[in-house]
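Colleague: Sharing a model prediction with you, sequence too.
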Amino acid sequence: MSFREAMSSAENKYWLEAVRSELEAMDENQVWKLENRPTSWKGHKPNVIDSKWVFKRKVGVNGEVKHKARLVCRGFKDKTDYELDETYAPVSRMQVISAALAIKTS
C-alpha cells in the first residue's frame with residue numbers, strides 16, 4: 001500500500017497516527033540529521049537515497065487491529081562507488097580455540 005493509498009483510505013486517521021508515531025520515535029532516537037545536499041563528490045553528482053513508507057495491519061491475540069507505519073530507505077538504489085580498502089574478519093587465535101575445546105572436553 002502506498003502512502004497515497006493509505007491516506008485516501010477509510011482508515012486514514014489510523015495510518016496518519018501510525019506515521020506520526022514513527023516520525024516521533026525517529027526524532028527521539030535522533031535517527032537523522034538534516035544536511036544540505038552536496039554539489040559534487042569526487043567529480044560525480046551525488047545520489048540521494050530515497051525513502052518509502054511501509055504500512056501493515058497487525059492483529060493481536062485478542063483480535064485488536066494495530067496500524068503500523070515504517071519509513072525505510074531504499075538503499076538498493078545507492079549507486080555510489082565506495083572505496084573499501086580495508087576489510088576485517090573476526091578470527092580467533094589458535095590458543096583461544098584450543099582452550100575452549102579443552103574446557104568443553106573436560
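Modeller: The structure has been received and is ready for your questions.
Colleague: Pull the distance from the one helix or strand in the chain whose mean pLDDT sits lowest to the chain's centre.
Modeller: Ranking every helix and strand in the chain by mean pLDDT, DSSP states H and E puts helix 94-105 at the bottom, with a mean of 77. Distance of helix 94-105 from its chain centroid, counting by Cα atoms, centre = their mean, to the nearest Å, is 38 Å.
Colleague: Could you do stretch 23-36 as well?
Modeller: Using Cα atoms, centre = their mean, the offset of stretch 23-36 from its chain centre is 13 Å.
Colleague: Span of that stretch from start to end?
Modeller: 20 Å (Cα to Cα, to the nearest Å).
Colleague: Report the mean per-residue pLDDT for that stretch.
Modeller: Across stretch 23-36, the average pLDDT comes to 87.
Colleague: go on, stretch 73-88?
Modeller: pLDDT averaged over stretch 73-88 gives 62.
Colleague: Next, the residue nearest to residue 54 when sequence neighbours are not counted: secondary structure please.
Modeller: Nearest non-adjacent residue to residue 54, counting by Cβ to Cβ, 6 or more residues apart in numbering: residue 70, 4.7 Å away. For every residue, glycine as well, the C-beta is placed using N, CA and C. Following DSSP: H, G, I helix; E, B strand; the rest coil, we place residue 70 in the strand state.
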